[in-house]
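>>> quick one, what's the 3D model for this:
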Amino acid sequence: MIGKESDQKGASEIYHAVKFEKSIVEIERILEKYNYTAKNFMNDSEQRYGLLHWGARHDRLDVVQFALEEGCDPNALTGMGSNALHYTFAASPLVIDMLIANGCREDQVNRLGYRADYHFQEDVQPIPLSFLKNFAQIVKGI
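Numbers count the residues shown, from 1 in each chain. Okay, the predicted model is just below:
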């Protein structure tokens, strides 16, 4: 978990490395710089995103594969009770398939009541804009 200012910088560097498609070698360098491994990295005590969540969110098959190979739990939960599959709304089927093949639970329900596979089911209604506008307040209350 992150608590020190240097750790906050580490989380930011790791997130941006994933988001801006840096290589696995670069991500490993950043993890090592802040004394993390792919397996023990979580960004903070409230939201608790791990490398696997960020890899899924940003459609990074290489990051998802790396995180799983390094022993990341496919069912590790964020502060919202979401596993990595919850964050695949913009991911390719390859990322989704890799998570499921490695045991990521499709039936995991998060604190908002959504199953991990809700966004790739045909009969799902979009989240109302009014809810999204208040989402930050809900997260802050956790």
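>>> in what helix or strand does the residue nearest the centre of the chain lie?
Within the chain, the residue whose C-alpha comes closest to the C-alpha centroid is His53; the distance, by C-alpha atoms, centre = their mean, is 1.3 Å. Under the criterion DSSP states H and E, the helix or strand holding His53 is helix 51-57.
>>> helices or strands up against the helix or strand following that helix?
Downstream of helix 51-57, the first helix or strand assigned by DSSP H and E is helix 61-69. Helices and strands touching helix 61-69, as assessed by 3 or more C-beta pairs under 8 Å, 6 or more residues apart in numbering; DSSP states H and E, comprise helix 24-33, helix 51-57, helix 93-101. In short, each C-beta sits where N, CA and C put it, glycine included.
>>> so can I have a markdown table of those showing distance to Ala17 and mean pLDDT?
Formatted as a markdown table, the helices and strands packed on helix 61-69 follow (distance: least, C-beta to C-beta, whole Å; pLDDT from 0 to 100):
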| stretch | distance to Ala17 | mean pLDDT |
| --- | --- | --- |
| helix 24-33 | 5 | 96 |
| helix 51-57 | 9 | 94 |
| helix 93-101 | 17 | 93 |
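>>> okay, these in CSV with distance to Val63 next?
Compiled in CSV, the helices and strands packed on helix 61-69 are given as follows (distance: least, C-beta to C-beta, whole Å):
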stretch, distance to Val63
helix 24-33, 7
helix 51-57, 3
helix 93-101, 9
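>>> quick one, what contacts Ala38?
By C-beta atoms under 8 Å, 6 or more residues apart in numbering, the contact set of Ala38 is 28, 31, 51, 66-67, 70-72.
>>> of those residues, just say which sits nearest to Glu13.
The shortest distance between Glu13 and any of the contacts of Ala38, using C-beta to C-beta, involves Leu31 and amounts to 9.3 Å.
>>> run a quick neighbour tally on that closest one.
The local packing of Leu31 (other C-beta atoms under 10 Å) involves 21 other residues.
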